[in-house]
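Student: Structure here, sequence nowhere to be found:
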């Protein structure tokens, strides 16, 4: 157990601990009020006990909150506000306790009111983080947008896609603002598109404007969302792509959600990063690195991982995969097992990785069974099977893997026509058969009439015959290949070294020329 | 203790916060927490030291990368774009005519031709063929028949230009982003920015092939790490004898003896690391272990006996001779397969000042089949998608002849104002050409690309924002692209 893990644990107690000061402040306020109204003095011990408890739990909540924040929560304004308010509550509660201890009755009472007052916004902002900003006011919100979207309550769009749009797009493209005449808050608005026309083409994510914009480099002017705004994660973009690829339907049943392997948002209201997996356990990553297995995040802040066993490929087998890769099953997006000793068992493990997009199994002992297991891999788009031994059964399996974008089949034991059948069955995928055929020659210069040099050529070039026959530097016969024009005269040399020497300082040699 | 050492190793306030921020997170909460924890903070520092020395990126990709590694084939000496890539059929009618002043425009020349009384146009004597690519075809020279076969994978840029006019500054500029020596090379930056992905091999490997033509000096600082920590410098694999010097145990020392020695040294180093929290000690421990592992991994790497006959045939007959370009191409593929981050191949001897027709033919022949095979081999193994390939010289060559121009012989001088190079693989749009030059292949008329732009674009493919890969040295932040560089978005896939 490391200190990091302990701190992480302590931080996660925050949602529990924080309720203690809230309840006790209300209680303290109530008994003080009752005592005031009934003009009956409060027992000193109960008051002191309660005040101390309030102060202690308030400080505990603030510290655990900071620890939780530290674990990688976002830096949104909401979090910031909640953080500072929380620190203020803890300070107020502590001050209150000191004042009470010192017997400053009036100041204590004032600070109690301040503490209670601060708790209200603190709690509100805290709750907004977990339940969503609009949670409280939702019952009063105009019903229009939900009616349009909840026609089928369990549809893919509402569960997986709308939360992404809500968290990343609708602040500029929604009911209040419609930049570029585009709104994404209702089905009708999405279908209508913006000033540049439709934003999605059902079935063709790569042709859809929304995907094109999301996929542009961050510094491209057309990139959406603008660089200063929250960017959707890779998984979120992939989810939108998968949704469009499946027909961009607004009313699919849950069954299809699973079949599509769309990451389903846990709580639709929790916007930020709901589709990215939680960070991989540090212990699991440490054991991978200890075994010299390469693991790196997809990008600096991503929780998705690239794993490459190349360094230990010759000894890496199914046991290692189970032991080392299973704990980070959720996070692996790109897995290279090429040249390793794994078999179908690891392929089955890979099939359970929810975010695995690229899998390299080349030169492994994988067979038709392993390929069959991979058919259910939820997010797989690139599969490298070169240098394996497969048969007809895999042709059927692979032909059905419609979500594949790239498939490598060099030296799989499959005949050319079998590869061709797979390619035909997967029109949207690039199927590499392993061909090393050269690009076709469209035209040859030598086919057209050879361009003859102008008749003057020889005559003119003879003008470049050196004026000297012996090299002015080495006094050897001149090789016409080493000649320069110097002050209007063609001067020949025996080799390139003499030429260079001459150019460095021509003076002593010029005299030797005829 | 030595007071100077104490000064360096003491936990100063600045060092404490620097390391604590690394290990716990740089947020306000993190720093507050570190101070809250008091003595526990030192443990965090020790952890940070361990983290810094482990085989993991110090920086990491800024956004998901298209390419995980680079194979950079540098053609040292500057190949002639006019005879290989930049097809100028109109020049045939201008044989031996003077280069118009309006084209040269007073541009500086090297001392090798500045004395020439006239600059006679020398059209390429080589025939070109048009290969199918993903546009309307690309004209390539008869000298590169195999490379023509991968036209559908190549992104040919004909509008490169550079600042340097001589080899040394030209190569230095290409390797380090600056003409003056002293900056880290591209491979070192990649190593620094992304780290290793195979703990058994160096992150940055250099392979050199001796050329046929005039060879310029090639110094080790071309793959140096400049002011970056020295672990990022390139490791040159030798083509003859031991690939890495002093890797073998001396006679009489067994691998067990070596292990025992390393264990003892490790124990001492661990104590020192625990005492001083100095991450450099951790780095040293790692380096010893790496060398020990390389004793096993390097011989396996350079052993081609597992390669099948068909693959060897594809690379051509040279592949069986260690050190040839074809053999180095195959070795590059094996390095890429094993996750080496940056593989740099040098082919020397492209400096055809004279006798270009015969020398260039031999020179091109030495690289053509191997480099085409490398691209095809990576493709069918599913690795072309995540391997970025660059093939380039340091500048181009002049349209006018250096020395005597005859019907079948000519030479060409250095020409920085335009030249051609090609990219392929991870993140690059395949089968396209980019940029155009004038009819003399002398000036760029459309879409110029400079060396900084190329670097920025390549870093982009690696998931790195070139403006954010910085290293602070002598009081200011340095980067590969200095204060320049624009990502060429049009060539990105």
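Tutor: Nice, I can see it. Predicted model only: the values in this text are computed from it and were never measured.
Student: Next secondary structure after the lowest-mean-pLDDT helix or strand in chain A?
Tutor: Lowest by mean pLDDT, DSSP states H and E among the helices and strands of chain A is helix A:144-149, with a mean of 34. Following helix A:144-149 in sequence order, the next helix or strand is helix A:156 (DSSP states H and E).
Student: The following helix or strand past that following helix near chain B anywhere?
Tutor: Using DSSP H and E, the helix or strand that directly follows helix A:156 along the chain is helix A:162-168. No. Helix A:162-168 does not reach chain B (Cβ under 8 Å from any Cβ of the partner chain); its nearest approach is 15.9 Å. Just so you know, the C-beta spots here come from the backbone N, C-alpha and C atoms, and that holds for glycine as well.
Student: For the stretch 251-400 of chain B, which residue gets nearest to chain A?
Tutor: Closest approach of the stretch 251-400 of chain B to chain A (Cβ to the nearest Cβ) occurs at residue B:382, with a separation of 3.4 Å.
Student: What number of residues are in the vicinity of the closest residue to that residue other than its chain neighbours?
Tutor: With sequence-adjacent residues excluded and distances taken as Cβ to Cβ, 6 or more residues apart in numbering or on different chains, residue B:382 is closest to residue A:384, at 3.4 Å. Residues near residue A:384, counting by other Cβ atoms under 10 Å in any protein chain shown, number 27.
Student: Show me the beta-bridge partners of residue A:384.
Tutor: residue A:360, residue A:408 (DSSP bridges).
Student: ok, now which ones touch residue B:63?
Tutor: By Cβ atoms under 8 Å, 6 or more residues apart in numbering or on different chains, the contact set of residue B:63 is A:217, A:218, A:299, B:463, B:465.
Student: Need the three-state assignment for it.
Tutor: coil (DSSP: H, G, I helix; E, B strand; the rest coil).
Student: ditto for residue B:244
Tutor: Residue B:244 - assigned by three-state DSSP - is coil.
Student: Now do it against residue B:291, distance only.
Tutor: Distance, residue B:244 to residue B:291, using Cβ to Cβ, to the nearest Å: 9 Å.
Student: Could you do residue A:33 as well?
Tutor: In terms of Cβ to Cβ, residue A:33 sits 75 Å off from residue B:291.
Student: Where does the prediction get shaky in the stretch 201-350 of chain B?
Tutor: Flagging of the stretch 201-350 of chain B using pLDDT under 70 yields the residue ranges B:279.
Student: ok, now with 50
Tutor: Counting by pLDDT under 50, not a single residue of the stretch 201-350 of chain B qualifies.
Student: Show me which residues of it are close to chain A?
Tutor: Looking at chain A, the residues of the stretch 201-350 of chain B close enough under Cβ under 8 Å from any Cβ are B:201, B:214, B:293, B:297, B:300, B:314, B:337, B:338, B:339.
Student: burial of residue B:385, as a residue count?
Tutor: Neighbours around residue B:385, by other Cβ under 10 Å: 21.
Student: Phi and psi next, for the closest residue to chain A within chain B.
Tutor: Chain B approaches chain A most closely through residue B:149 (2.9 Å), counting by Cβ to the nearest Cβ. Per-residue torsions, residue B:149: phi -70, psi -20 (degrees, to the nearest 10).
Student: gap between it and residue B:267?
Tutor: In terms of Cβ to Cβ, residue B:149 sits 56 Å off from residue B:267.
Student: Looking at these two, which is more packed in?
Tutor: residue B:149 (23 against 10).
Student: so that one sits right up against residue A:435, yeah?
Tutor: No. Assessed by Cβ atoms under 8 Å, residue B:149 is found out of contact with residue A:435, at 11.2 Å.
Student: Check the residue in the stretch 101-250 of chain A that chain B sits nearest to and give its pLDDT.
Tutor: Nearest residue of the stretch 101-250 of chain A to chain B, counting by Cβ to the nearest Cβ: residue A:234, 5.7 Å away. pLDDT for residue A:234: 80.
Student: Count the residues that sit near the closest residue to it other than its chain neighbours.
Tutor: Excluding the flanking residues, the one nearest residue A:234 by Cβ to Cβ, 6+ apart is residue B:64, at 5.7 Å. Counted with other Cβ under 10 Å, the neighbours of residue B:64 add up to 17.
Student: my read: residue B:64 touches residue A:302, true?
Tutor: Yes. With contact defined as Cβ under 8 Å, residue B:64 reaches residue A:302; the gap is 7.2 Å.
Student: Need the overlap of contacts for the two.
Tutor: Counting by Cβ under 8 Å, 6+ apart, the contacts common to residue B:64 and residue A:302 are residue A:234.
Student: can you tell me the helix or strand for residue 373?
Tutor: With no chain named, the answer covers chain A. helix A:368-374.
Student: wrong one, chain B
Tutor: Per DSSP H and E: helix B:356-380 holds residue B:373.
Student: helices and strands around the helix or strand just after that helix, which ones?
Tutor: Toward the C-terminal end, the helix or strand that comes next after helix B:356-380 (DSSP H and E) is strand B:387-392. Judged by 3 or more Cβ pairs under 8 Å, 6 or more residues apart in numbering or on different chains; DSSP states H and E, strand B:387-392 is in contact with strand B:69-75, helix B:356-380, strand B:419-425, helix B:451-461.
Student: Lovely, talk soon.
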